[in-house]
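Visitor: Any chance you can model this:
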Amino acid sequence: MPENPLAAGNCHCLSGEAYTECCGRFHNGGAEAATAEQLMRSRYTAFALLNAEYLRKTWHPETAPAELEMDPAMEWRRLDILSTDRGGPLDNEGTVEFKAHFRHDGERGVHHETSRFVRENRRWYYVDGVLPA
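Guide: As a prediction, the model looks like this:
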């Protein structure tokens with residue numbers, strides 16, 4: 001994937017690290033996420049950078065959509081990790097609850113989800129997400 005000019009500087013996942021040292025290393029194929037939370041953060045950043053290729057690659061094949069449309073008008077502004085359950089380097093499943101703040105067509109919004117992840121063959125995949133009732 002060509003370098004996105006939005007990727008310069010600190011990572012969009014708000015880890016405090018530079019993009020190249022944080023999610024960029026996953027996006028460019030130089031590393032695999034070691035935890036479900038790392039994968040969640042890297043997927044959030046992929047949405048912010050319109051990196052559909054990475055999103056498809058990290059979506060579990062059994063639940064991945066046939067097509068993935070990216071909306072360039074969607075501005076992802078902030079990621080808040082609320083909780084994690086399992087999803088560590090020695091686990092095979094885990095969940096991450098988060099709030100992703102966005103702006104679209106001048107309106108602010110929040111996407112609140114608890115995402116499920118599985119690890120197969122030492123690689124984490126996004127399975128699906130549950131929205132709060």
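
Visitor: The longest helix along the chain packs against which elements?
Guide: Under DSSP state H, the helix in the chain containing the largest number of residues is helix 36-48. Contacts defined by 3 or more C-beta pairs under 8 Å, 6 or more residues apart in numbering; DSSP states H and E place helix 36-48 against helix 23-27, helix 52-57, strand 74-86, strand 93-104, strand 107-120, strand 123-130. Bear in mind the C-beta positions are built from the backbone N, C-alpha and C, glycine included.

Visitor: Give me whichever of those is most buried.
Guide: Most buried of the helices and strands packed on helix 36-48 by mean neighbour count (mean count of other C-beta atoms under 10 Å) is helix 23-27; its value is a mean of 22.

Visitor: what does it rub up against?
Guide: Here helix 23-27 makes contact (C-beta atoms under 8 Å, 6 or more residues apart in numbering) with 1, 7, 11-13, 15, 18, 31-33, 38-39, 41-42, 45-46, 49, 51, 54.

Visitor: Fine, thanks again, bye for now.
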